[in-house]
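In: quick one: sequence and predicted model below, then my questions.
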Amino acid sequence: MQEQEQTVTYRGRTLAWEGFCTGPGLLTRDQLEEVSRRLLGVDLAGAEEAAGEELQPFGAPRGEVPAIVLGTASTLKGCFEADVAQLALGRSPDDFSAYNEARSVYLATPGDLVVGRGEPWRQAVAASEAVPVEVPELRYYYLTHALLAMALDSPAERPAAPLARLVQQLRTAPQTVVRLFAIDPEARVLLLWLKRAAGLSRLRVDANGPEIAERWNRKTTLYPTVEDAVVLAEPKVTDDPRATLDTEAEVTAFYREFGVLLPRLPGYSISRRGADGELLRHRVRTAGRLLRERYGLELGCFKPAEALTGSRIRMAVPLNDVAALDALARQAMETEEDYVLEAHTHYLRHRVPGYEFILAPSAHVVAGRPAEGGTVQITRGSVWEGSVYVDEDTCARFDITPAQFRAAREGVAALHGAFEGQGRDLGFVKGGVDFAIARLGGRFGQTPVVAMQDLNLSSNGAEYVRAFLAEARQVLGRPQGVYAATKVVRPTAETDLKRLQDAVERPRSEGWARAITSVAGRWGLIGVAGPCPRQAAQEVLELEQRLHRDGLLRTSVRDESVRPG
């Protein structure tokens with residue numbers, strides 16, 4: 001890792017920026033405006049308008065067409081802010097920028113170009129058959145910022161070597177698709193510049209259209225605002241709570257736009273924009289009151305609308321505790337982002353030796369279509385830490401009924417249909433939706449519900465378990481009867497990818513295991529495949545535990561003792 005003697009400022013505190021693969025540099029909004037004007041001749045608003053004509057969301061299966069894999073973290077998810085917040089708490093940050101660039105190499109097929117920086121990325125490329133395009137600019141946290149700075153500093157007729165290589169690829173193979181997490185404003189400017197430099201009429205992009213990425217890819221999509229919900233007629237005690245849910249759903253922005261009801265939990269969105277402390281307290285208190293009075297609920301769950309991997313969620317909030325609700329309003333004031341207050345879920349659960357799954361399956365859109373199968377999530381608290389691939393034939397091994405599994409997949413199909421319906425196509429090419437299979441209590445009683453909880457309408461963790469599954473089936477020579485599980489791990493400072501790979505890979509009679517990513521001291525990903533998803537899940541957890549006890553990892557779910565590292 002690059003040694004950085006730099007600092008960042010967080011709420012008036014100066015924090016040391018240490019152990020990151022890149023620097024903390026960022027292009028400000030004003031700087032991005034200037035970059036857009038100089039590179040494209042228009043401001044960011046003009047670039048957004050141009051992208052609608054010049055960038056084509058294009059869902060292509062891996063290996064079907066040539067690809068440029070641009071594994072940049074995204075400003076849409078506040079990756080930098082999340083890392084800095086962890087620094088402020090004295091915790092080890094994930095280094096989202098480094099791990100996104102390193103792990104994205106795994107999504108490349110032989111001959112694809114992969115763009116990135118730093119030693120973890122180099123090791124990932126060395127273990128692949130992809131073609132590296134290394135970016136020497138390490139001052140900037142986001143890869144897109146680094147590339148834009150290089151484009152600005154080099155002559156238009158002689159762009160810097162990494163950019164020249166990308167332009168050459170697009171000119172030589174105009175059918176090339178650019179794969180990236182999401183199209184944020186800086187990615188939009190970069191992609192438009194590449195497209196124009198290559199002389200293409202349109203550039204294919206394996207990312208969702210801007211309206212999906214920037215308007216609907218948030219938890220608030222599922223919930224009415226407090227203001228819209230409070231004016232509805234109050235339901236009677238004898239009314240079916242599911243009818244109340246549907247009535248509230250009809251005043252959401254999503255339903256008004258598309259006329260599609262999505263399966264969701266009771267809950268309300270709370271907008272931070274323009275609200276002072278008093279108004280925010282009123283909104284949170286009102287949301288709590290509506291959950292109590294309309295649904296008979298006692299507990300709620302408070303979530304940031306765009307948090308990464310389930311972080312900063314407050315569970316089991318007592319809805320009749322005014323002080324607790326006011327504390328949530330203060331949290332929202334501090335972070336200046338929208339939140340939702342939804343029903344607390346009592347998840348159905350399934351136990352394997354040493355670990356208990358909450359039943360929070362995910363279903364997905366891959367290459368522009370609702371995908372086969374789905375995943376069961378491995379979590380630590382509310383934070384995602386891995387995926388297990390299941391299908392309708394095997395979901396019961398996690399105590400998920402086929403009907404519940406179908407309900408999740410049908411919910412994603414409804415979402416996909418909404419974005420493609422009414423004679424328009426918003427470009428929904430990838431994404432996942434997390435569901436809860438849970439009891440809510442109150443007027444729902446003990447009957448389990450299957451409801452959407454989170455929209456991840458961008459690149460997501462399930463892409464890696466699906467890629468690993470495809471590789472495992474090829475390695476094992478069995479296109480059927482193979483299942484896979486991936487697990488996030490926390491490597492020690494000495495555990496680079498080669499060391500992790502050597503410890504993970506071993507001959508297997510019925511399955512296979514491998515290390516996918518390691519950013520030493522920060523974040524890694526391992527995978528195990530076998531003839532049964534439950535067996536794969538159990539083995540990946542056992543593998544993590546063994547690696548931890550061998551001193552290669554800082555933690556494990558099955559062994560929470562933490563070793564210095």
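Out: That came through fine. Residues are numbered from 1 along each chain as shown.
In: and stretch 487-501, what's buried?
Out: K487, V488, V489, R490, P491, T492, T495, D496, L497, R499, L500, Q501 (16 or more other Cβ atoms under 10 Å). C-beta here means a position set from N, CA and C on the backbone, and glycine is covered the same way.
In: A164: which of these is nearest?
Out: L497 (28.2 Å; Cβ to Cβ).
In: hmm, that closest one is touching P120, no?
Out: Yes: using Cβ atoms under 8 Å, L497 is in contact with P120, at 6.7 Å.
In: list residues touching both of these two?
Out: Counting by Cβ atoms under 8 Å, 6 or more residues apart in numbering, the shared contacts of L497 and P120 are A102, T517, S518.
In: among these, which ones are in strands?
Out: Within the shared contacts of L497 and P120, residues falling in strands by DSSP state E are T517, S518.
In: can you list the shared contacts of L497 and P120 in a markdown table and add distance to G288, pLDDT and neighbour count?
Out: Shown next, in a markdown table, are those (distance: Cβ to Cβ, whole Å; pLDDT from 0 to 100; neighbours: other Cβ atoms under 10 Å):
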| residue | distance to G288 | pLDDT | neighbour count |
| --- | --- | --- | --- |
| A102 | 42 | 97 | 32 |
| T517 | 41 | 97 | 29 |
| S518 | 43 | 97 | 30 |
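In: how about CSV for the shared contacts of L497 and P120, with distance to R314 added?
Out: Shown next, in CSV, are these (distance: Cβ to Cβ, whole Å):
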residue, distance to R314
A102, 31
T517, 30
S518, 32
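In: between the shared contacts of L497 and P120, which is closest to V42?
Out: Nearest member of these to V42, counting by Cβ to Cβ, is A102, at 33.6 Å.
In: so what's the closest one up against?
Out: By Cβ under 8 Å, 6+ apart, A102 lies in contact with G71, G116, G118, P120, W121, Q123, A124, L497, T517, S518, V519.
In: restricted to buried residues, select these in ChimeraX.
Out: Here is the ChimeraX command that selects the buried residues among those (16+ other Cβ under 10 Å):
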select :71,116,118,120,121,123,124,497,517,518,519
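In: return the member of the contacts of A102 nearest to L415.
Out: Using Cβ to Cβ, these come closest to L415 at G71, 25.6 Å.
In: who's in contact with the closest one?
Out: By Cβ under 8 Å, 6+ apart, the neighbours of G71 are 100-105, 107, 114-116, 121, 143, 180-181.
In: just to revisit the earlier point, reformat the contacts of A102 as CSV; add secondary structure and distance to E248.
Out: Shown next, in CSV, are these (DSSP: H, G, I helix; E, B strand; the rest coil; distance: Cβ to Cβ, whole Å):
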residue, secondary structure, distance to E248
G71, coil, 39
G116, strand, 44
G118, helix, 47
P120, helix, 45
W121, helix, 46
Q123, helix, 50
A124, helix, 45
L497, helix, 48
T517, strand, 41
S518, strand, 45
V519, strand, 42
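In: nearest to R62, of the contacts of A102?
Out: For the contacts of A102, the nearest to R62 is G71 (14.0 Å; Cβ to Cβ).
In: tell me the contacts of the nearest residue in space to that closest one that is not next to it in sequence?
Out: Closest residue to G71 apart from its sequence neighbours, by Cβ to Cβ, 6 or more residues apart in numbering: S104 at 2.6 Å. Going by Cβ under 8 Å, 6+ apart, S104 touches V69, L70, G71, V114, G116, R179, S459.
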